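> from the sequence below, what's the structure:
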Amino acid sequence: MLLVMDVGNTNTSLGVFDGETLAHHWRLTTERARTVDEYGVHARNLFALAGLDFQAIHAVAIASVVPQLDHTLKRMSEVYFQLTPLFIDHTTDTGLTILYDPPSDVGADRIVDAVAAVHKYGAPCIVVDFGTATNFEVIDAAGRYLGGVLTPGISISSDALFARAARLPRVAIERPRTVIGTSTVGAIQSGLYYGYAGLVDGILRRMIEELGHRPRIIATGGLAPLIATASEFIEVVDKTLTLDGLRLVYERMQAVEGPPPPGS
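Predicted coordinates:
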C-alpha cells in the first residue's frame, strides 16, 4: 500500500492507496511544532482505528508547501515506516510541462492537482483548489501548465474581517438562506459566500475569455463543495484530486526509477 500526504498551510490530508483504490483518507490540522514522534503516533493511531496494517505500507509520497515540516516528515517516514519518502516538486518527472516563471514557484500541491486533473478529466482544464489560498491552475490542450491565479482563501477573508472590525462576530462559513441578510450574522455569511462565489466566477469568466474556449473546470479542497453550489462554471467537485495526483506521480516515478530505497 502507498501512503500519500498533502501538507498544506492549514490542513494536512493523508491517504492510503491499495493499488489504484483510495482505501482510507483523513484530514488533520497542520501543526508546525509537532515532533517526529508525534506525527508517527498520529499515523499509527489512524491506522489502528481504520484496521490497517502499519507494516503494509511499501512507499510514502508527499506534497508539501510547508518547508519547516519537510525534515520532520522525512524522519517520521524513516523511523516509523522504514521508508525514504518521495517529495514532489518542480524537478520531479511528472510528465507535466511547466511554463510558469520560474517553475520552482509552483507548489507541489498545484503540480499534482494538474497531473490528476489531466489524467482524470482530460485537457484543457482549469483546477480551482480551495485551500488557505485559492489556486486557479490552467492546463492547455497539450497538457502544459500555463499558470493561474492566487487569491486569499475564504477563511482568510473571514479571519481578517473578524480581526479588523471590532463589532462584527466570527461566523460559520455557510450558504445563507437569502442574499439579503436580515441579521448581522446573515449579512456577513452572505458577503462571504456570495462575494467569494462572485470572485471565483469572475476569474473563471476572464480566464475562459482569454483562452478563447471553455475547458473542463474542476474544484477541489475543503470548501470546494460549498462554493461550487453557487458557481456557474465549476463542473466537477473532486475532493481527493490532490491525493490521486500524488499516487499518479509516485507510480510514474516507480516505473522510471524503481521503488524508493528503504530508510536509514
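> the strands in the stretch 151-264 of the chain, which residues?
216-221, 236-237 (DSSP state E, counting those that start in this stretch).
> redo those strands as JSON lines? Include mean pLDDT, mean neighbour count and distance to residue 164.
C-beta here means a position set from N, CA and C on the backbone, and glycine is covered the same way. Converted to JSON lines, the strands of the stretch 151-264 of the chain look like this (pLDDT from 0 to 100; neighbours: other Cβ atoms under 10 Å; distance: least, Cβ to Cβ, whole Å):
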{"stretch": "strand 216-221", "mean pLDDT": "96", "mean neighbour count": "24", "distance to residue 164": "25"}
{"stretch": "strand 236-237", "mean pLDDT": "97", "mean neighbour count": "18", "distance to residue 164": "31"}
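> between the ones you listed, which one is nearest to residue 80?
Nearest of the strands of the stretch 151-264 of the chain to residue 80, taken as Cβ to Cβ: strand 216-221 at 27.7 Å.
> just for the chain, where's the confidence low?
Across the chain, residues meeting the criterion (pLDDT under 70) sit at 256-264.
> does residue 136 touch residue 130 like I think?
No - Residue 136 is beyond contact range of residue 130, at 10.4 Å (criterion: Cβ atoms under 8 Å).
> between the two, which one's more packed in?
Comparing residue 136 with residue 130 by other Cβ atoms under 10 Å, the one with more neighbours is residue 130, at 23 against 19.
> tell me the bridge partners for the more buried one.
residue 134, residue 221 (DSSP bridges).
> can I assume it is in contact with residue 223?
Yes - contact criterion Cβ under 8 Å: residue 130 and residue 223 qualify, at 4.3 Å.
> shared neighbours, the two?
153-154 (Cβ atoms under 8 Å, 6 or more residues apart in numbering).
> how about the helices of the chain, start to end?
36-50, 70-81, 108-121, 154-164, 184-211, 224-228, 241-257 (DSSP state H).
> mean neighbour count and distance to residue 218 for the ones you listed - can I get that in JSON lines?
What follows is the helices of the chain, written out as JSON lines (neighbours: other Cβ atoms under 10 Å; distance: least, Cβ to Cβ, whole Å):
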{"stretch": "helix 36-50", "mean neighbour count": "15", "distance to residue 218": "27"}
{"stretch": "helix 70-81", "mean neighbour count": "19", "distance to residue 218": "27"}
{"stretch": "helix 108-121", "mean neighbour count": "24", "distance to residue 218": "5"}
{"stretch": "helix 154-164", "mean neighbour count": "15", "distance to residue 218": "18"}
{"stretch": "helix 184-211", "mean neighbour count": "16", "distance to residue 218": "11"}
{"stretch": "helix 224-228", "mean neighbour count": "20", "distance to residue 218": "9"}
{"stretch": "helix 241-257", "mean neighbour count": "21", "distance to residue 218": "7"}
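> closest one to residue 172 among those?
That would be helix 184-211 among these, by Cβ to Cβ, at 7.4 Å.
> from the contact counts, what lies against that closest one?
Packing partners of helix 184-211 (3 or more Cβ pairs under 8 Å, 6 or more residues apart in numbering; DSSP states H and E): strand 125-130, strand 133-139, strand 144-152, helix 154-164, helix 224-228.
> including distance to residue 109, could those go into CSV?
Shown next, in CSV, are the helices and strands packed on helix 184-211 (distance: least, Cβ to Cβ, whole Å):
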stretch, distance to residue 109
strand 125-130, 7
strand 133-139, 8
strand 144-152, 12
helix 154-164, 16
helix 224-228, 13
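> residues contacting residue 254?
residue 59.
> how near is it to residue 62?
Applying Cβ to Cβ, to the nearest Å, the value for residue 254 to residue 62 is 15 Å.
> now swap in residue 90 and tell me
Residue 90 sits 15 Å away from residue 62, going by Cβ to Cβ.
> then residue 205?
35 Å.
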